[in-house]
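Chemist: just a sequence and a predicted model for now, questions to come.
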Amino acid sequence: MLQQEEKPTGNGKELPYRYDGKLKVMGKATYAAEFPVKDVLHAWMVLSTIPSGEVVSMDTTLADRSSGVVKILTPFNAPKLPGIKPQPPAIRKLSLLQDRIVYYNCEPIGLVVAKSLDEARYAASLIKIKYNTTPGKLSFDKRLDQKRPPKQGNAPPKEDHGEETEAWAKATTVLEQTYTTPLHNHNPLEPHATIAMWEGENLTVYDATQYVSGVRQSLAKHFALPLDNVRCIDPYVGGGFGSKGSMWSHVVLAAMAAKVTGQPVKLVLDRTQMFGPVGGRPATTQHIKLGTDATGKLVAMRHNVIEPASVMEDFIEPSAQQTSMLYECKQIAIDTELVDMNIGVQTFMRAPGEATGTAALETAMDELALKLGMDPLELRLKNYAEKDPGEQKEFTSKHLREAYKDAADRFEWSTRPRTPGTKTEGNKLVGYGMATATYPANRSAAMAAIKLLPNGRIAISSGTQDLGTGTYTIMAQTVEQETGIPWQMVDVKLGDSSLPKAPVSGGSQSAASVMPAIQDACKQLQLKLATLAITDSTSPFFNAASDDVLLSNGELRSKSNPSKIEPLSASITRNKGAAIEEKGSGEPSQEAERALSAHSWGAIFTEVAVDKTTWMVEVRRVVATYDIGLLLNQKTGKSQLEGGIVWGISLALEEDSHLDNVYGRVVNNNLGEYHVPVNADVQSIEVNVVGIPDLKFNPQGARGIGEIGITGIAAAINNAVFNATGKRVRSFPITPDKLQAA
């Protein structure tokens with residue numbers, strides 16, 4: 001049996017539904033492109049049509065005369081901006097009409113501003129562009145021999161623990177294979193969008209972003225403005241998945257156009273423009289070598305990743321990262337190499353590294369188990385890491401054994417057929433697979449502000465973002481749990497860079513970072529209310545010890561004498577009718593970070609059915625149990641985990657951006673041909689959590705859950721497909737043609 005969740009301290013309960021749900025279903029939640037702005041102009045980006053070269057000329061004669069056109073910006077007339085060095089994740093290297101070089105197909109090379117979107121788009125089609133073309137660096141698969149070490153980026157350091165030659169000499173069983181994953185592109189329901197407006201030297205943008213503070217910082221640098229002169233607002237994000245964690249060219253271009261025209265400018269990307277200018281997940285070629293002794297204990301592991309990098313900037317999909325810590329092994333070697341390509345700069349995509357890395361590693365573990373004649377779960381338990389083998393640190397918390405047992409028992413793993421291709425139902429082959437999920441537990445410094453308002457309501461604010469993950473909900477919930485004030489009396493504000501600073505909503509860190517700051521803000525408010533009470537001779541708490549006065553059940557109470565109570569309205573009266581405000585902060589302990597390794601874990605079991613005629617794969621059932629510390633809200637939390645699993649199904653079976661190797665353009669750049677799961681692709685998903693708080697990680701004991709759900713699932717499906725068919729596909733996605741050819 002799993003340990004029951006230890007509920008947080010305080011009087012509140014989990015919110016029964018999303019705090020922002022009513023506004024969203026009523027269509028009253030305002031997204032970046034929907035803010036009503038007077039006299040707004042509309043912009044349309046002109047994108048390059050070659051992968052490499054230089055713009056020689058842009059004839060805008062016809063476009064200038066077109067209806068509604070206000071201004072056309074090109075590299076020949078755009079204002080010059082101060083050059084700045086990219087600082088991810090706030091920005092990547094951008095294309096801002098500062099030169100005429102073309103680095104990739106679909107790169108921004110111009111901007112048409114008009115009175116309406118249709119007029120801007122039509123005028124853009126009238127521009128005649130001449131290029132000097134140079135040979136493009138394309139065809140990743142055929143250029144692997146041109147790989148090189150990273151020059152920059154976020155690659156995990158090359159690791160090599162122990163004596164590799166000696167370790168491999170001890171291996172009695174060796175598994176060596178290569179696995180590939182394709183280019184992926186983000187496709188949130190809300191495309192990237194910006195409205196930019198100037199008032200003198202003050203710039204305000206409504207921007208679809210996962211990092212309002214990052215956009216503010218980046219715009220201030222690009223326009224050489226004081227930070228206080230820039231404000232970024234985005235109260236609701238219609239999905240981001242990492243692409244909105246960085247600021248892209250269109251944001252600066254919108255602000256540039258607004259400056260030049262003297263009017264607000266709105267720039268919304270078309271769906272086809274989401275393939276190139278705003279990043280994606282790079283393809284990977286992963287070479288994995290695993291060696292065990294006669295008992296199945298790992299004695300050596302090697303994980304080499306090769307991936308494409310834009311000629312503009314190195315970005316690394318750290319796909320070997322989990323290999324250095326997931327299983328106990330004294331000799332682990334990982335490294336990443338890059339192949340230069342004329343593609344847009346790549347970026348973070350949900351569970352960057354671990355999503356593609358576990359797809360390969362956990363498939364390899366299944367192949368190793370088969371070679372050893374062992375149960376795949378038994379192999380993982382035999383190589384269970386009690387501490388981080390890469391960093392040689394204790395984990396803040398790890399209950400993966402319990403997750404394995406719970407998920408395996410619910411799935412009835414022990415009853416599965418061990419011989420591939422032996423279970424049939426009519427024309428279908430049925431198979432079962434499993435894999436391990438993992439993702440780092442991240443946390444950054446954050447701040448929050450809290451106000452007791454004259455009307456008795458509480459206002460809580462932080463400059464964080466809600467991508468649909470439930471941040472509004474758990475902010476209100478945390479206030480109720482800490483103060484006892486019902487969540488219906490809590491006003492939550494976020495998504496504004498003028499609010500107390502919080503980190504990017506990426507790396508599964510928002511809840512782990514912001515909620516401790518809110519906890520601290522609640523405590524600071526309690527101290528302030530107590531101080532006001534004990535210094536007021538009319539208060540029942542006059543001259544009491546400050547630590548004897550508690551904010552509980554929405555009122556002040558005495559710890560030593562529970563019958564002594566004062567309503568919060570007395571505090572407002574005491575403060576002459578004015579609101580009472582305090583701030584809180586939370587940041588990870590540097591000492592703990594140096595001493596401990598923080599990760600989340602999961603066990604994934606899948607059942608598939610494969611049609612023997614069409615080779616179509618049907619994912620019938622997914623059973624998963626996660627060790628993510630304390631789950632703050634069952635509904636929003638499990639929804640995130642289930643959503644990650646759906647994306648894992650997509651990674652396993654569907655998602656694939658097809659890059660034309662002549663022109664360098666993604667040819668399936670729409671939601672008709674870039675396949676993602678629909679309802680018919682997703683059947684039973686059963687998610688559970690271990691629920692043991694990780695109090696060494698943060699005060700609430702909660703680790704982030706936004707990304708772990710996608711990890712492991714692709715391999716679990718791949719392993720189930722092999723169990724069903726006896727065919728092993730090592731190139732994702734697993735499509736019918738690959739299965740038929742295997």
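Modeler: Now that the structure is in, tell me what you want to look at. Residues are numbered from 1 along each chain as shown.
Chemist: top helix in this protein by residue count?
Modeler: helix 510-534 (DSSP state H).
Chemist: helices and strands around that helix, which ones?
Modeler: Applying 3 or more CB pairs under 8 Å, 6 or more residues apart in numbering; DSSP states H and E, one finds that helix 510-534 contacts strand 446-452, helix 471-483, strand 549-552, strand 555-558, helix 568-574, strand 580-586. Where you see a C-beta, it was placed from the backbone N, CA and C, and this is true even at glycine.
Chemist: mind picking out the helix or strand in the protein with the poorest mean pLDDT?
Modeler: strand 159-160 (a mean of 68; mean pLDDT, DSSP states H and E).
Chemist: and the helices and strands packed on helix 510-534 as CSV, adding mean neighbour count and mean pLDDT?
Modeler: Shown next, in CSV, are these (neighbours: other CB atoms under 10 Å; pLDDT from 0 to 100):
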stretch, mean neighbour count, mean pLDDT
strand 446-452, 25, 98
helix 471-483, 26, 97
strand 549-552, 22, 92
strand 555-558, 20, 94
helix 568-574, 18, 95
strand 580-586, 18, 98
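Chemist: hang on, the earlier thing: tell me the helix or strand right after the least confident helix or strand of the chain.
Modeler: Proceeding N to C from strand 159-160, the next assigned helix or strand is helix 164-169, under DSSP states H and E.
Chemist: and of the helices and strands packed on helix 510-534, who's closest to Ser731?
Modeler: Distance to Ser731, taken as CB to CB, is lowest for helix 471-483 among the helices and strands packed on helix 510-534, at 37.0 Å.
Chemist: helices and strands around the closest one, which ones?
Modeler: strand 458-461, strand 490-493, helix 510-534, strand 549-552.
Chemist: and with 7 Å instead?
Modeler: Applying 3 or more CB pairs under 7 Å, 6 or more residues apart in numbering; DSSP states H and E, one finds that helix 471-483 makes contact with strand 458-461, strand 490-493, helix 510-534.
Chemist: in JSON lines, list these along with mean neighbour count and distance to Pro733.
Modeler: Shown next, in JSON lines, are the helices and strands packed on helix 471-483 (neighbours: other CB atoms under 10 Å; distance: least, CB to CB, whole Å):
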{"stretch": "strand 458-461", "mean neighbour count": "22", "distance to Pro733": "42"}
{"stretch": "strand 490-493", "mean neighbour count": "18", "distance to Pro733": "39"}
{"stretch": "helix 510-534", "mean neighbour count": "23", "distance to Pro733": "30"}
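Chemist: for Val278, find the nearest of the ones you listed.
Modeler: Of all these, helix 510-534 comes closest under CB to CB, at 20.9 Å.
Chemist: tell me what angle that closest one forms with strand 580-586.
Modeler: When axes from the mean of the first three to the mean of the last three CA atoms, to 10 degrees is applied, the directions of helix 510-534 and strand 580-586 differ by 140 degrees.
Chemist: about what we covered before: figure out which of the helices and strands packed on helix 510-534 is closest to Ala124.
Modeler: helix 471-483 (36.8 Å).
Chemist: can you give me how far that closest one is from the chain middle?
Modeler: 22 Å (CA atoms, centre = their mean, to the nearest Å).
Chemist: restricting to C-alpha, output stretch 321-337 in CSV.
Modeler: Taking Å, rounded to 0.1, in the frame of the first residue of the first chain, the C-alpha atoms of stretch 321-337 are listed here in CSV:
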residue,chain,number,x,y,z
GLN,A,321,21.1,13.7,-19.0
GLN,A,322,19.0,11.0,-17.3
THR,A,323,21.5,8.3,-18.1
SER,A,324,24.0,9.7,-15.6
MET,A,325,21.6,9.3,-12.7
LEU,A,326,18.8,6.8,-13.4
TYR,A,327,20.5,3.5,-12.6
GLU,A,328,23.3,2.4,-10.3
CYS,A,329,26.5,2.0,-12.3
LYS,A,330,30.1,3.0,-11.5
GLN,A,331,31.1,3.6,-15.1
ILE,A,332,28.8,6.0,-17.0
ALA,A,333,29.9,8.0,-20.0
ILE,A,334,27.6,10.6,-21.7
ASP,A,335,28.3,13.2,-24.3
THR,A,336,26.5,15.4,-26.9
GLU,A,337,27.7,16.4,-30.4
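Chemist: out of the helices and strands packed on helix 471-483, which is closest to Phe395?
Modeler: helix 510-534 (15.4 Å).
Chemist: compute the inter-axis angle for the closest one and strand 446-452.
Modeler: Counting by the same axes, to 10 degrees, helix 510-534 lies at 40 degrees to strand 446-452.
Chemist: any idea of the angle helix 510-534 forms with helix 471-483?
Modeler: 40 degrees.
Chemist: one step back: need the helices and strands packed on helix 471-483 in TSV (columns: mean pLDDT and distance to Ala360).
Modeler: Below are those laid out as TSV (pLDDT from 0 to 100; distance: least, CB to CB, whole Å):
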stretch	mean pLDDT	distance to Ala360
strand 458-461	98	42
strand 490-493	98	41
helix 510-534	97	28
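Chemist: tell me which of these sits nearest to Thr415.
Modeler: Comparing the helices and strands packed on helix 471-483 by CB to CB, helix 510-534 comes nearest, at 37.2 Å.
Chemist: Val619 versus Ala680, what's the distance?
Modeler: To Val619, Ala680 is 11 Å away according to CB to CB, to the nearest Å.
Chemist: which of these two has more residues huddled nearby?
Modeler: Val619 (26 against 7; other CB atoms under 10 Å).
Chemist: pretty sure that one is in a strand, no?
Modeler: Yes. Val619: assigned to a strand according to DSSP: H, G, I helix; E, B strand; the rest coil.
Chemist: where along the stretch 201-350 of the chain do the helices fall?
Modeler: Along the stretch 201-350 of the chain, counting by DSSP state H, counting those that start in this stretch, helices occupy 212-222, 249-261.
Chemist: which other helices and strands contact the longest one?
Modeler: What it means is helix 249-261. For helix 249-261, the packing partners by 3+ CB pairs under 7 Å, 6+ apart come out as strand 41-47, strand 69-73, strand 108-114, strand 193-199, strand 202-207, helix 212-222, strand 265-268.
Chemist: tally of neighbours for the closest residue to Tyr236 other than its chain neighbours?
Modeler: Leaving aside its chain neighbours, Tyr236 sits nearest to Ala29 (4.6 Å; criterion: CB to CB, 6 or more residues apart in numbering). By the criterion of other CB under 10 Å, Ala29 has 17 neighbours.
Chemist: assign Ala29 to helix, strand or coil.
Modeler: The three-state label given to Ala29 by three-state DSSP is coil.
Chemist: go on, Val721?
Modeler: Under the three-state scheme (three-state DSSP), Val721 adopts helix.
Chemist: pretty sure it sits against Ile734.
Modeler: Yes. Assessed by CB atoms under 7 Å, Val721 is found in contact with Ile734 at 5.9 Å.
Chemist: looking at those two, which one has more neighbours?
Modeler: Neighbours were tallied for Val721 and for Ile734 using other CB under 10 Å; the higher tally belongs to Val721 (29 against 25).
Chemist: could you pull up the residues touching that one?
Modeler: The contact partners of Val721, by CB atoms under 7 Å, 6 or more residues apart in numbering, come to 431, 608, 610, 617, 729, 734.
Chemist: okay, these in a markdown table with distance to Ser684, secondary structure and pLDDT next?
Modeler: Output for the contacts of Val721, formatted as a markdown table (distance: CB to CB, whole Å; DSSP: H, G, I helix; E, B strand; the rest coil; pLDDT from 0 to 100):
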| residue | distance to Ser684 | secondary structure | pLDDT |
| --- | --- | --- | --- |
| Gly431 | 16 | strand | 98 |
| Val608 | 12 | strand | 98 |
| Val610 | 17 | strand | 98 |
| Val617 | 15 | strand | 98 |
| Val729 | 23 | coil | 98 |
| Ile734 | 20 | coil | 98 |
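Chemist: compare the helices and strands packed on helix 471-483 and give me the one nearest Pro182.
Modeler: helix 510-534 (29.0 Å).
Chemist: partners of Thr341 in the sheet?
Modeler: Not Thr; residue 341 is Met. Met341 has these beta-bridge partners by DSSP bridges: Ser310.
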